[in-house]
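> My questions concern the predicted model and sequence given below.
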Amino acid sequence: MRGCIIILCLCFECVTATARNDFKSLVPRTGKALSDFIPKGYDTLDAGQSVARGDLNKDGLEDVVLVLKNIEQENPDNLNDDADRPLIVLFRESSGYRLASIAMNVVMCKGCGGAFGDPFVGVVIEKNILTISHYGGSAWRWSFDTKFRYQNNDFYLIGKTYDSFWINSPCETIGDGARDYYDINFLTGDRIRIKTSEDCKELLNKKDKIKIKPLIRMADSKVIDN
């Protein structure tokens, strides 16, 4: 039985990978309008801010980031954890747009937010950096931001911030009780960690360094896993 389960899982992963590769093949390299890059059966995500504009490659032109949904998979009754939510980056050019990157695993699924609902908050471009934000939970709330920057002809994960806290905290400020927070800068290795107990006692408040490793490409990123 265990062998059958493993085989089924491997088959499912192959099907998922094939479907996502198929999506990538549907997106053109260039186009005049944003709609040219949205394949049939897809649309911009309803939840959060699914379109962001700003200069990502420092050429003075307004680039665009789109978070898409598979229309069939995103129906109200489907909380499929493996539903396609691709993120597309388009560089602005004089004649229209050029496809810069596709990331298939940087946006959380519709059912990943727990009782709070769809966790996707939005995408933002500021100071040439793309930030993807999520928020979810119930009595325990959490937020998760990932930051990507264009360098060396690709997009790389340069930072992430995670914050988890109990909204029923007896502390004066929400988030001060039973809190777990960290912020990591993968460029410098700087890390901030904060932990507090349910009775508002500080357990950890530390700034330290992590070992600097090769940056992870956005196309290879998997939301919280990296």
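Good, I have the coordinates. A quick note: this is a predicted structure, and the numbers were derived from the prediction, not measured.
> So K222 sits against M104, correct?
No - using C-beta atoms under 8 Å, K222 makes no contact with M104, being 9.2 Å away. All C-beta spots, glycine's among them, are computed from the backbone N, C-alpha and C.
> Of the two, which one has the most company?
M104 (20 against 11; other C-beta atoms under 10 Å).
> wait, doesn't that one sit right on P86?
Yes - counting by C-beta under 8 Å, P86 is a contact partner of M104 at 5.2 Å.
> Quick check: phi and psi on G114?
Phi and psi for G114, reported as degrees, to the nearest 10, are phi 70, psi -150.
> quick one: low-confidence parts of the chain?
Scanning the chain with the threshold set as pLDDT under 70 gives 1-21, 76-82, 169, 172-177, 224-226.
> Spell out the residue ranges of the helices in it.
2-26 (DSSP state H).
> Okay, strands next: where are they in it?
According to DSSP state E, the chain carries its strands in the segments 30-31, 42-44, 51-54, 63-70, 87-93, 96-103, 120-126, 129-137, 140-151, 154-166, 179-185, 190-196, 202-209.
> Mind giving me the packing neighbours of the first one?
With contacts taken as 3 or more C-beta pairs under 8 Å, 6 or more residues apart in numbering; DSSP states H and E, strand 30-31 sits against strand 96-103.
> in its sheet, what does the strand it packs on sit against?
Partner strands for strand 96-103, per DSSP bridges, with pairing direction: strand 30-31 (antiparallel), strand 87-93 (antiparallel).
> Just say which of those is most tucked in.
Burial of the strands paired with strand 96-103 is given as mean neighbour count (mean count of other C-beta atoms under 10 Å); strand 87-93 ranks first at a mean of 21.
> tally of neighbours for the nearest residue to P119 once chain neighbours are set aside?
Of all residues not flanking P119 in the chain, G113 sits nearest, at 3.3 Å (C-beta to C-beta, 6 or more residues apart in numbering). For G113, the neighbour count with other C-beta under 10 Å is 21.
> distance of G113 from K206?
Distance, G113 to K206, by C-beta to C-beta, to the nearest Å: 29 Å.
> what do you get for Y156?
From Y156 over to K206 (counting by C-beta to C-beta), the distance is 26 Å.
> Any idea how many residues pack against the residue nearest to E198 when sequence neighbours are not counted?
Computed as C-beta to C-beta, 6+ apart, the closest residue to E198 that is not its neighbour in sequence is A178, at 4.3 Å. When neighbours are counted by other C-beta under 10 Å, A178 registers 21.
> In contact with A178, which residues?
Residues in contact with A178 (C-beta atoms under 8 Å, 6 or more residues apart in numbering) are W140, F165, W166, S169, T196, S197, E198.
> And for Q49?
Q49 makes contacts with V121, G122, V123, V124, as judged by C-beta under 8 Å, 6+ apart.
> Looking at those, which one is closest to L130?
Taking C-beta to C-beta as the measure, V123 is the one of these closest to L130, at 6.5 Å.
> Who does that closest one form a beta bridge with?
I132.
> Against A47, how distant is it?
Applying C-beta to C-beta to V123 and A47 gives a distance of 12 Å.
> more crowded one of these two?
V123 (25 against 18).
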